[in-house]
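> pasting the sequence and the predicted coordinates here, then a few questions.
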Amino acid sequence: MEKITGKNNDLIKDIKKLLSSSKERKLRNAFVIEGARLVFDVLNSVINVKVFLVTDTVMQKYPKSCQAMIERAKKSYIISEEISDKLSETQNSQGIFAVCAMQANHFALNIHSHYIALDHVQDPGNFGTIIRTAEALGIDGMITFGGCDVYNPKVLRSSMGSVLRMNIMHSDNLADTINALRSMGMRVYATSPDSSAKNITQIDFSNGAVCVIGNEANGISAEVKNCCDDLVTIKMLGKAESLNASVAAAITMWEMLR
């Protein structure tokens with residue numbers, strides 16, 4: 001394997017851009033995974049690995065997994081600890097990175113399945129946690145609109161690799177997507193703290209549905225709400241007016257699948 005030691009190497013500069021820029025990721029249709037757990041999760045996915053970078057220390061610690069990644073990747077390099085520190089988006093670099101191709105932005109929808117839609121969810125921690133919870137509970141897919149980039153490094157970390165396995169589709173216009181889903185016969189619900197909304201525990205989700213989770217500060221846009229079949233709410237007994245987006249999403253998905 002070729003070894004890279006110079007911080008000004010063009011490949012290292014390009015990878016740093018992918019880590020820090022959503023625009024660059026979209027332009028190059030690629031993203032970067034950092035850390036042993038996430039990188040080795042790729043081995044159990046259909047993700048296409050463009051470049052694998054690893055320090056000598058990590059190679060010695062995980063020889064079999066690293067060899068599997070070398071065989072999987074189109075190109076592989078040994079990098080110095082100094083370069084690893086430069087690339088890392090975390091306080092303590094783990095010395096292992098993979099540049100991967102983005103997955104196709106679509107999946108086959110089934111009107112009897114259960115989906116969650118995110119309307120401008122901004123916080124990468126919330127975003128990644130929702131993806132992780134969706135996979136854990138068995139949600140069939142996610143539709144995203146605006147908000148955080150699904151390949152943001154913080155999203156990848158907080159999802160604990162679920163981004164690599166979940167069916168995720170990005171919508172350019174969520175209202176249009178909802179109208180298309182309803183025309184297929186799917187029921188679509190907007191979650192809301194509104195007192196006039198129906199109690200989510202009284203909704204029958206057994207035939208499949210889509211539930212929309214809104215932006216942390218502003219909730220679901222009026223345009224999207226107007227396209228939905230109904231408003232649903234999680235009834236709260238305490239004085240809190242609303243729930244954190246990831247918590248609301250978790251409860252919503254649990255009710256959809258119970």
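Sure, I can see it.

> only C-alpha atoms from now on, for both contacts and neighbour counts.
Noted.

> is the closest residue to residue 175 other than its chain neighbours in a helix, a strand, or coil?
Beyond its immediate neighbours in the sequence, the residue positioned closest to residue 175 (C-alpha to C-alpha, 6 or more residues apart in numbering) is residue 224, lying 5.0 Å away. Using DSSP: H, G, I helix; E, B strand; the rest coil, the secondary structure recorded for residue 224 is helix.

> compute the number of surrounding residues for the residue nearest to residue 56 when sequence neighbours are not counted.
Closest residue to residue 56 apart from its sequence neighbours, by C-alpha to C-alpha, 6+ apart: residue 78 at 6.6 Å. Residue 78 sits with 21 neighbouring residues when counted by other C-alpha atoms under 10 Å.

> what's in contact with the strand or helix carrying residue 78?
In this structure, residue 78 sits in strand 75-79 according to DSSP states H and E. Outside strand 75-79, the residues within contact range by C-alpha atoms under 8 Å, 6 or more residues apart in numbering are 1-5, 50-56, 70.

> let's see that with 10 Å instead.
For strand 75-79, contacts defined as C-alpha atoms under 10 Å, 6 or more residues apart in numbering pick out 1-7, 12, 49-59, 66, 69-70, 84, 95-99.

> buried subset of the residues you listed, written for PyMOL?
Taking 16 or more other C-alpha atoms under 10 Å as the burial criterion, the selection of buried members of the contacts of strand 75-79 in PyMOL is written as:
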select buried, resi 4+7+12+49+50+51+52+53+54+55+58+59+66+69+70+84+95+96+97+98+99
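
> returning to what we had before: hmm, the residue nearest to residue 175 is touching residue 211, no?
No: here residue 224 does not reach residue 211: they are 11.4 Å apart, not a contact under C-alpha atoms under 10 Å.

> looking at these two now, which is surrounded by more residues?
Regarding residue 224 and residue 211, a neighbour count based on other C-alpha under 10 Å identifies residue 211 as having more, with 26 against 20.

> any figure for the gap between that one and residue 94?
37 Å (C-alpha to C-alpha, to the nearest Å).

> give the partner strands of the strand holding residue 78 in its sheet and their orientations.
Within its sheet, strand 75-79 is paired with strand 2-4 (parallel), strand 49-54 (parallel), according to DSSP bridges.

> what's around residue 222, how many residues?
Around residue 222 there are 9 other residues, counting by other C-alpha under 10 Å.

> Provide a list of residues in contact with it.
Applying C-alpha under 10 Å, 6+ apart, we find residue 222 in contact with residue 175.

> relative to residue 194, how far out is it?
Distance of residue 222 to residue 194, computed by C-alpha to C-alpha: 13 Å.

> re earlier: can you give me the buried ones in the strand holding residue 78?
Judged by neighbour count (16+ other C-alpha under 10 Å), strand 75-79 contains these buried residues: 75-76, 78-79.

> all set now, cheers.
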